[in-house]
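[1] Predicted model and sequence below, questions to follow.
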Amino acid sequence: MKDLSRCKTMRFSIDLIDETPIYWKRHRLSKHEWELVDERCKELHEAGLIQPLRSDFVATTIVPAKKDSARLWTEKMMCGDYWPLNLVTPQDKYPMSIPEELFDNIGNSNIFTIVDLRQGFN
């Protein structure tokens with residue numbers, strides 16, 4: 001697992017169309033998947049990146065497959081399923097650029113900085 005000690009945290013808020021609490025029934029996970037979720041939560045808690053929270057808004061945890069170093073789908077990762085939140089989030093007035101436009105703008109360039117990548121994504 002990566003060293004999480006250098007990670008930084010920040011508070012943020014999400015504007016909602018409707019303030020009605022969002023909660024979704026949890027997905028069924030195998031014993032192995034629950035062990036992975038418990039282990040990952042423990043790591044994140046020990047690194048100070050998450051904390052116990054009581055909230056009316058709940059996202060369910062899913063454990064999709066992930067490619068390993070040999071590019072085979074043998075690994076698992078813990079993720080939050082936030083699609084119900086997307087339903088009550090206002091649409092962005094300035095959506096992300098069309099990928100074809102981004103590729104046209106970079107032309108034949110083959111060296112990029114992190115700033116280039118951040119601007120391209122945002």
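    Structure's in. What do you need?

[2] Confirm N105 sits in a strand?
    No: according to DSSP: H, G, I helix; E, B strand; the rest coil, N105 belongs to no strand; its state is helix.

[3] Please report the distance of it from L4.
    Computed as C-beta to C-beta, to the nearest Å, the N105 to L4 distance reads 35 Å. From N, CA and C alone the C-beta is placed, and that goes for glycine too.

[4] One more: G48?
    Taking C-beta to C-beta, one finds G48 at 8 Å from L4.

[5] cool, and L85?
    For L85, the distance to L4 (C-beta to C-beta) stands at 25 Å.

[6] more neighbours, those two?
    L85 (15 against 12; other C-beta atoms under 10 Å).

[7] That one: what secondary structure?
    Following three-state DSSP, the label given to L85 is helix.

[8] My guess is it contacts A59. True?
    Yes: the pair L85 / A59 is scored as a contact, 7.0 Å apart, by C-beta atoms under 8 Å.

[9] joint contacts of these two?
    Between them, L85 and A59 share these contacting residues under C-beta atoms under 8 Å, 6 or more residues apart in numbering: I22.

[10] If anything else comes up later, I'll come back, but that's it for now.
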